[in-house]
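Enquirer: Fold the stuff below for me.
(2 chains)
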2 protein chains.
Amino acid sequence: MFIKEILLASANPHKIEELEQILMPLGIALKSTRDFPDGEEVDEDQPSLEGNALKKARYWHQKTGLPSLSDDTGLEVDVLSGAPGVYSARYAGKNASYLQNTEKLLHEINGQNNRSAQFRTVIAFVEGKGREHLFEGICRGTIISEPRGDKGFGYDPVFVPNGYKQTFAELLSEEKNRISHRGRALQKFAEFLG
Amino acid sequence: MFIKEILLASANPHKIEELEQILMPLGIALKSTRDFPDGEEVDEDQPSLEGNALKKARYWHQKTGLPSLSDDTGLEVDVLSGAPGVYSARYAGKNASYLQNTEKLLHEINGQNNRSAQFRTVIAFVEGKGREHLFEGICRGTIISEPRGDKGFGYDPVFVPNGYKQTFAELLSEEKNRISHRGRALQKFAEFLG
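Expert: Sure, this is the predicted structure:
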């Protein structure tokens, strides 16, 4: 593989910076959707994280011709058979807030003894036509009843990763990146590139 | 990547031999489902070639711990919006014969001017937990009205690849492998390994 440039299908500055730190030592430049302002919003309407990540990466590869990377993340709760999963961002409705989604989740598992769950990230990397790669990162943990912490976003305030006492919203972002689902998927991607 | 052994999720001797020829020069040994007679039949019930190929490769990777390869192929006809596609093997019903499927196809496009189609193969390679790779091969061509040739299988007697006058069922298998959808997907996989 001789990759000189990768497109990240995101405009999120945190994601851009995180990926840049992986690519820089490898001599790979990073573009993002910010560099292509005429790009369209890709509808994340697929039934799986894999499907959404692939759909976005395929769109951007087709548009730019560059190897393109996209990711999708969901919270999968054991007693809910993996829900909210791919619907995590709209669990309480199409334009639901983080708080509304979290409240719905706490309501759904209210009274359950088993509060095990996992965050799962799928990275799709479309290298070229018909050369597609998926990297998965999983972080297992427990859903607590009372939100704690003000860092992060989404379900972070009620998710305590295994081996920790703090929620994701209480951990420093460096620590969270190191153990998180997304961090682990990115590590696999970095090994693939290296 | 340091791969010493790969499992092919198939018992088809032609597929085993074809893959062995790719792996041997790379010093990679090949196992097949024949080496694991207690393996179960994986239900190919997914809505896409990618889904079926991934499902089979994931099952076999989980069962054997080996990097596992699986493939799925469909005939995608332009005026039928890509049908029969993932349903190619059961287009005329669950236990339909090749002939019945082909007859149904000819009936569906009877009278159409546009008889363009493509065979598409997707190879899924599950290297390890959460490290999954997809390789696509496409061969475009035309559907003729009268079946010709007795080699190959499936829709081969009515498919004339672009640039040829013979159907897939009239070509020597070496020639077919060189230009076919499956051959092209395998070439991409070989480049990935190499």
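Enquirer: CA only for contacts and neighbour counts going forward, please
Expert: Fine.
Enquirer: count of residues packed around A:Asp45?
Expert: With neighbours defined by other C-alpha atoms under 10 Å in any protein chain shown, the count for A:Asp45 comes to 12.
Enquirer: secondary structure class for the closest residue to it other than its chain neighbours?
Expert: In this structure, A:Asp45 finds its nearest non-sequential neighbour in A:Asn52, 6.8 Å apart by C-alpha to C-alpha, 6 or more residues apart in numbering or on different chains. Classification of A:Asn52 by DSSP: H, G, I helix; E, B strand; the rest coil places it in helix.
Enquirer: Equivalent analysis for A:Glu175, please.
Expert: Judged by three-state DSSP, the three-state class of A:Glu175 is helix.
Enquirer: any idea of the pLDDT on it?
Expert: In the predicted model, A:Glu175 carries a pLDDT score of 89.
Enquirer: list the contacts for A:Gly152?
Expert: Taking C-alpha atoms under 8 Å, 6 or more residues apart in numbering or on different chains as the definition of contact, the neighbours of A:Gly152 are A:168-169, A:173.
Enquirer: hmm, 7 Å instead?
Expert: The contact partners of A:Gly152, taken as C-alpha atoms under 7 Å, 6 or more residues apart in numbering or on different chains, are A:168-169.
Enquirer: And for A:Asn162?
Expert: Contacts for A:Asn162 (C-alpha under 7 Å, 6+ apart) come out as A:140-141.
Enquirer: Might one say that the residue nearest to A:Asp45 is in contact with A:Arg58?
Expert: No. Distance between A:Asn52 and A:Arg58: 9.9 Å, which falls outside the contact criterion (C-alpha atoms under 7 Å).
Enquirer: got the residues of chain A near chain B?
Expert: Contact residues of chain A with respect to chain B, defined by C-alpha under 7 Å from any C-alpha of the partner chain, are listed as A:130-137.
Enquirer: Could I get the full set of helices for chain A?
Expert: Secondary structure of chain A (DSSP state H): helices located at A:13-23, A:49-64, A:98-108, A:173-179, A:181-193.
Enquirer: deepest of those helices, which one?
Expert: Per residue and on average, the most neighbours among the helices of chain A fall to helix A:49-64, with a mean of 22 (mean count of other C-alpha atoms under 10 Å in any protein chain shown).
Enquirer: CA atoms only for it - export them in CSV, please.
Expert: These are the backbone C-alpha positions of helix A:49-64, laid out as CSV (Å, rounded to 0.1, in the frame of the first residue of the first chain):
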residue,chain,number,x,y,z
LEU,A,49,-22.9,0.4,12.3
GLU,A,50,-21.0,-1.3,9.5
GLY,A,51,-23.5,-0.3,6.9
ASN,A,52,-23.5,3.4,8.0
ALA,A,53,-19.8,3.6,8.2
LEU,A,54,-19.4,2.0,4.7
LYS,A,55,-22.0,4.1,3.2
LYS,A,56,-20.3,7.4,4.2
ALA,A,57,-16.8,6.2,3.3
ARG,A,58,-18.0,5.0,-0.1
TYR,A,59,-19.7,8.3,-0.8
TRP,A,60,-16.6,10.3,0.0
HIS,A,61,-14.3,7.9,-1.9
GLN,A,62,-16.5,8.2,-4.9
LYS,A,63,-16.6,12.0,-4.6
THR,A,64,-12.9,12.7,-4.0
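Enquirer: and it, what does it pack onto?
Expert: Judged by 3 or more C-alpha pairs under 7 Å, 6 or more residues apart in numbering or on different chains; DSSP states H and E, the packing partners of helix A:49-64 are strand A:68-77, strand A:116-128.
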